[in-house]
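**Q** Return atomic coordinates for the entry below.
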Amino acid sequence: MSRQQLAVQRARKSFQTGKTKPLESRIHQLRNLLRFVTERRKDIAEAVKKDLSKSEHGTELFETLGVEGEIKLAIEKLAEWAAPRPVEKNLLTISDEVFVHPEPLGVVLIIGAWNYPWAITLQPLVGAIAAGNAAVIKPSEVCCHSAKVMEELLPRYLDKVRLLPCWMTFLVHVV
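**A** Model prediction:
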């Protein structure tokens, strides 16, 4: 079995345990991700400087501020987004209580881009965590310094992160 298949298999297995489904678990992960972005701002800026020669202010403006906003919005609205919503009744369901109940689907693959290595990688991760899915992250191989910072520091903040050498860089399995 290849490393990529192993990463996806582990993510599926973790998702099937149901650990990602409770709202409290999702909010906890999102708060940890927010802590990561705010506490490691300097590390992120240094990595982007080495990869793309962007300034610290440019990194904050185009990479981290948007991610922080996405995380805060997800934390604030998660209970509302995950709540069952009533559905209009028809002739077949007139005597029933009918709801749409949002459910996580499983495993999400997030492939980062070289031009915005943090924003384009972490913003979809926010959505995946908020939805209750497990995620496999594949950062851009072009931004090797950013990928290295993700590899070293994300496991300190997110629960059960597994790093697997893969493609040109690595896959991160976030549960």
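**Q** Tell me where this structure has helices.
**A** Secondary structure of the chain, counting by DSSP state H: helices at 3-16, 23-39, 41-52, 56-59, 65-82, 119-131, 144-157.
**Q** Would you mind listing the buried residues in the second one?
**A** To tie it back to what came earlier, the one meant is helix 23-39. S25, R26, I27, Q29, L30, N32, L33, L34, F36, V37 (16 or more other CB atoms under 10 Å). The way it works is simple: take the backbone N, C-alpha and C, and place the C-beta from them, glycine included.
**Q** how about the residues you listed in a markdown table, adding pLDDT and distance to A119?
**A** A markdown table is the format used below for these (pLDDT from 0 to 100; distance: CB to CB, whole Å):
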| residue | pLDDT | distance to A119 |
| --- | --- | --- |
| S25 | 92 | 25 |
| R26 | 94 | 21 |
| I27 | 96 | 22 |
| Q29 | 94 | 19 |
| L30 | 96 | 16 |
| N32 | 95 | 18 |
| L33 | 96 | 13 |
| L34 | 97 | 14 |
| F36 | 96 | 14 |
| V37 | 96 | 10 |
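**Q** Relative to M150, which of the residues you listed is nearest.
**A** Closest to M150 out of those is F36 (9.6 Å), distances taken as CB to CB.
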